[in-house]
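Return a 3D structure for these sequence lines:
(chains A, B, C and D)
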Number of protein chains: 2
Amino acid sequence: MQKEQNLSKNQKIIFDLIDKSGGPMKAYSILFNVQKKGIKAPLQVYRALDKLVEIGKIHKIESRNAFIACQNSSCQVSKATAFSICESCENVSEISNLKLSKYLSNFSDNSGMKYNKYNLEFFGLCKKCKSK
Amino acid sequence: MQKEQNLSKNQKIIFDLIDKSGGPMKAYSILFNVQKKGIKAPLQVYRALDKLVEIGKIHKIESRNAFIACQNSSCQVSKATAFSICESCENVSEISNLKLSKYLSNFSDNSGMKYNKYNLEFFGLCKKCKSK
DNA sequence: TTATAAATGTTATATTATTACATAACGTTA
DNA sequence: TAACGTTATGTAATAATATAACATTTATAA
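Residues are numbered from 1 along each chain as shown, chains lettered A, B, ... in the order given. Presented below is the predicted three-dimensional model:
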């Protein structure tokens, strides 16, 4: 796992922001938030995001075009991701369930395809929103 | 399951195009292809896509921003979708595996969240691309 | 120290998707 | 069949998301 001090300047600024936010952030919201730190252009944000995704520090929530800090301390590289997404408050959390990840990592069918990565997104209502 | 004859004019044009293509199609590629049929604006395409997704005739491949016809003849409404995506040729197919869908539909953890929908995308190399 | 890769800065532009508003077609039921 | 509500359509403008292209700088390592 890559250490945080190996992150470049922009990567660190952007990772810290996402991490501190505690939830998913969108690219242009990130951009807005880091402009005071000298990051002015979308591309600077997207490049850092790409790298952070590549090394597994963050994940992209595909259905939301948003990025969240990896909440799984033992995360190597993001080849196996699962999230739960509340359709009401849009809260997102990373699911780390060994049985689930084993089941999916070992999944194979008769398509002849070799799977080396997956992303799973569950949708529903979180505890709070359910009780409203 | 909604019958095809219940589709409106634009919905039918767009569904037929996606269905005949046999693979995932992107919204603006759809737009380009249906302009000769009088559908001129992005919104007309997105509105039809939204409806088709809602009734389960097509699914959105979130990681690709693309839409594919439901290949699962017994599909009611798309609350449980799984796809395999070749990262080389971008071929996409819908996985219909009863064990997998049962496993995921019944999945629950201690988050207190009630899951009523999921989307799973597997990535890898298809048979053809593997042997290249 | 030189050369190679990785990261940055900047401008422009491509791609994906929605807002807002006006009109038409369809289905129900009184 | 008239009136009503709902669904679908048409059109223009614009918002939101993401990448291309090119120049320069910084870090790594041979």
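
So the residue lying closest to residue A:66 once chain neighbours are set aside versus chain B, what's the distance?
With sequence-adjacent residues excluded and distances taken as C-beta to C-beta, 6 or more residues apart in numbering or on different chains, residue A:66 is closest to residue A:24, at 3.7 Å. Using the backbone N, CA and C atoms, a C-beta is placed for each residue, glycine as well. According to C-beta to the nearest C-beta, to the nearest Å, residue A:24 and chain B sit 14 Å apart.

Also residue A:129?
9 Å.

again with residue A:87
Relative to chain B, and taking C-beta to the nearest C-beta, residue A:87 is found at 8 Å.

which ones are touching that residue?
Residue A:87 sits next to A:123, A:124, A:125 when contact means C-beta atoms under 8 Å, 6 or more residues apart in numbering or on different chains.

now, among these, which is nearest to residue B:81?
residue A:123 (11.0 Å; C-beta to C-beta).

Parallel or antiparallel, list what pairs with the helix or strand harbouring that closest one.
Assigned by DSSP states H and E, residue A:123 belongs to strand A:114-125. Strand A:114-125 pairs in its sheet with strand A:80-86 (parallel), strand B:114-125 (antiparallel), by DSSP bridges.

Any idea which of the ones you listed gets closest to residue B:33?
Nearest to residue B:33, of the strands paired with strand A:114-125 and by C-beta to C-beta, is strand B:114-125 at 24.7 Å.

of the contacts of residue A:87, closest to residue B:17?
Among these, and counting by C-beta to C-beta, the member closest to residue B:17 is residue A:123, at 27.7 Å.

beta partners for the closest one?
Per DSSP bridges, the residues bridged to residue A:123 are residue A:85, residue B:117.

Report the spatially nearest residue to residue A:44, omitting neighbours in sequence.
Closest residue to residue A:44 apart from its sequence neighbours, by C-beta to C-beta, 6+ apart: residue A:10 at 5.8 Å.

tally of neighbours for the one you found?
Counted with other C-beta atoms under 10 Å in any protein chain shown, residues neighbouring residue A:10 total 19.

Quick one: mean pLDDT over stretch A:41-52.
Averaging pLDDT along stretch A:41-52 yields 98.

hmm, back to that, pop out the phi and psi values for the residue nearest to residue A:66.
phi -70, psi 140 (degrees, to the nearest 10).

For it, which residues are in contact?
Counting by C-beta under 8 Å, 6+ apart, residue A:24 has contacts A:61, A:64, A:66, A:67, A:68, A:90, A:92.

What distance do you get for the closest residue to the first one other than its chain neighbours to DNA strand D?
In this structure, residue A:61 finds its nearest non-sequential neighbour in residue A:24, 5.2 Å apart by C-beta to C-beta, 6+ apart. When C-beta to the nearest atom of the strand, to the nearest Å is applied, the distance between residue A:24 and DNA strand D equals 11 Å.
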